[in-house]
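Asker: Need coordinates for the below:
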Amino acid sequence: MTNDDSNYLLDSLDGIEGLTDFNVVDYLTSPEAIVAYINDVISAGNSDLMKEAIKNVLQAKGVAKIAEQSGLTREGVYKALRPSSKPQWDTIRSLLTGLGLEVRVVATGESKGPALAA
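Answerer: Numbers count the residues shown, from 1 in each chain. The predicted model follows:
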């Protein structure tokens, strides 16, 4: 960072007229928005971001309802998605299923190993 860059840093956004806090949950109002959000987070390749994204979608759709549809307890959901957790694949898959989502694998066109035998 150059000295000129420091002129543009803000210590606080308080007091800036018309500026409101951004909460992604407010924009997760349609299946299309949720799918786009989750796909963007998956493409980032960061498991912590993925847990946070699932929490945001759960908040938008209702944690208790989705926990029940996922076959998990509400407490189990919160435990699985806390920052220090490493949730099992089955838990993530169950949550995504409860949200009406599924994970698919598609070829990227870039082969990095031997071809699979049919």
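
Asker: Excluding sequence neighbours, find me the nearest residue to the most centrally placed residue in the chain.
Answerer: Centroid-nearest residue in the chain: residue 53, 1.8 Å away (criterion: Cα atoms, centre = their mean). Of all residues not flanking residue 53 in the chain, residue 41 sits nearest, at 4.1 Å (Cβ to Cβ, 6 or more residues apart in numbering). Using the backbone N, CA and C atoms, a C-beta is placed for each residue, glycine as well.

Asker: Please, which helix or strand holds that neighbour?
Answerer: Using DSSP states H and E, residue 41 falls within helix 31-44.

Asker: residue contacts, residue 77?
Answerer: 58, 63, 66, 67, 70, 95 (Cβ atoms under 8 Å, 6 or more residues apart in numbering).

Asker: Number of residues surrounding the second one?
Answerer: Counted with other Cβ atoms under 10 Å, the burial measure for residue 63 works out to 15 neighbours.

Asker: repeat for residue 86
Answerer: Residue 86: 7 neighbours (other Cβ under 10 Å).

Asker: Roughly how far does it sit from residue 61?
Answerer: Counting by Cβ to Cβ, to the nearest Å, the gap from residue 86 to residue 61 is 24 Å.

Asker: ok, residue 91 touching residue 80?
Answerer: Yes - using Cβ atoms under 8 Å, residue 91 is in contact with residue 80, at 4.8 Å.

Asker: Find residues that contact each of these two.
Answerer: By Cβ under 8 Å, 6+ apart, the residues touching both residue 91 and residue 80 are residue 72.

Asker: Could I get the pLDDT score of the nearest residue to residue 27 once chain neighbours are set aside?
Answerer: Leaving aside its chain neighbours, residue 27 sits nearest to residue 33 (6.1 Å; criterion: Cβ to Cβ, 6+ apart). Looking at residue 33, its pLDDT reads 96.

Asker: And residue 33, how close does it get to residue 87?
Answerer: Taken as Cβ to Cβ, the span from residue 33 to residue 87 is 24 Å.
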